[in-house]
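Participant: next input, structure requested:
(chains A and B)
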Amino acid sequence: GESVGLHLPTLSVQEGDNSIINCAYSNSASDYFIWYKQESGKGPQFIIDIRSNMDKRQGQRVTVLLNKTVKHLSLQIAATQPGDSAVYFCAENHFFGNEKLTFGTGTRLTIIP
Amino acid sequence: NAGVTQTPKFRILKIGQSMTLQCAQDMNHNYMYWYRQDPGMGLKLIYYSVGAGITDKGEVPNGYNVSRSTTEDFPLRLELAAPSQTSVYFCASSYMTSTDTQYFGPGTRLTVL
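Facilitator: This is a model prediction of the structure:
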C-alpha cells in the first residue's frame, strides 16, 4: 500500500554542521509534502512544505528538495544548533475522496555539542 | 491565541473504562483532526472534521467516536478502552484543508491497563 518511509531512524550531527534527513514516498499521485519537527513531549510543529510542481524550496536555515522521479524528498538543515535536536517527520497528501496526511515513521536528529 | 489545547495531559484507564479527550482551538479553523502516535512511530489519523456537524473516519477509527458541535471543539470518545489504545493522542487543526498548515496540540498520553 501507500507509505511514506524514512531511510534512517537516527542521525547525529556535530553542532554547526549541516544535516540532511531523507524520506521516500511510494504514491506517485502525492502532490503536497510537509516536514514537521517534534520535540520531546510536544506536538509536531510545521517546518516547511513543498508542492509537486516545485523541486526545491528554502526557508530559514532549512531547504526541502523534492525528486519526483525517484519519489524522494529531503530536509536540509544548515548550521545545526542544539535546538534542532528533535524527531523530524515527513508527510504527504493526496486527495482521493478524503483529505488526509500520511506521516512517515520519523528520524531522530541529535546535535552533538 | 492559545492555539490548540488538549486535556487531560495524562490519563490511566482500566480495560473497559470510557473517557473523552478534549480538544479546542481558538483560531477559527474549519478542519480538525485526531491522530494517535505509538512509540517510535509516525502519526495515524483517527478521525477528522471539515466543519461543525461534519466528521469522517481516518485510517484507524475503530474503538473511537467523535463529534463536532461547534467550530472550536472536537472531542474524541473512547467507549471501551483496550490496551491497544495505549498511545499519545494529538489533536490538530487547519484553516481550510489538510494542505493548509496543521497546528498541533501538546498531546494526551493515555495508558490502558
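
Participant: secondary structure element for B:Met41?
Facilitator: Using DSSP states H and E, B:Met41 maps to neither a helix nor a strand.

Participant: quick one, what contacts it?
Facilitator: Shown in contact with B:Met41 (Cβ atoms under 8 Å, 6 or more residues apart in numbering or on different chains): A:Thr105, A:Gly106. The way it works is simple: take the backbone N, C-alpha and C, and place the C-beta from them, glycine included.

Participant: go on, A:Val13?
Facilitator: Shown in contact with A:Val13 (Cβ under 8 Å, 6+ apart): A:Ser19, A:Thr80, A:Leu109, A:Thr110, A:Ile111, A:Ile112.

Participant: look up how far A:Lys37 lies from the most centrally placed residue in chain B.
Facilitator: Geometric centre of chain B, nearest residue: B:Trp34, 3.0 Å, by Cα atoms, centre = their mean. According to Cβ to Cβ, to the nearest Å, B:Trp34 and A:Lys37 sit 21 Å apart.

Participant: any stretches of the chain with poor pLDDT?
Facilitator: You didn't pick a chain, so chain A it is. Where chain A drops to pLDDT under 70, the residues are A:1-8, A:94-99.

Participant: not quite, I wanted chain B
Facilitator: Ranges of chain B meeting pLDDT under 70: B:98-99.

Participant: near chain B, which residues of chain A?
Facilitator: Within chain A, the positions near chain B by Cβ under 8 Å from any Cβ of the partner chain are A:4, A:9, A:32, A:41-46, A:49, A:89, A:91, A:93, A:98-101, A:103-106.

Participant: emit the ChimeraX select command for whichever of these are buried.
Facilitator: Only the buried entries of the residues of chain A next to chain B go into this ChimeraX selection, using 16 or more other Cβ atoms under 10 Å in any protein chain shown:
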select /A:4,32,43,44,46,49,89,91,93,99,100,101,103,104,105,106
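
Participant: hmm, back to that, in strands, which of the contacts of A:Val13 appear?
Facilitator: Counting by DSSP state E, the contacts of A:Val13 place A:Ser19, A:Leu109, A:Thr110, A:Ile111, A:Ile112 in strands.

Participant: who's the residue lying closest to A:Leu65 once chain neighbours are set aside bridged to?
Facilitator: Of all residues not flanking A:Leu65 in the chain, A:Ser74 sits nearest, at 4.9 Å (Cβ to Cβ, 6 or more residues apart in numbering or on different chains). On the basis of DSSP bridges, A:Ser74 is bridged to A:Asn22, A:Leu65.

Participant: can you give me the neighbour number for A:Ser74?
Facilitator: 17 (other Cβ atoms under 10 Å in any protein chain shown).
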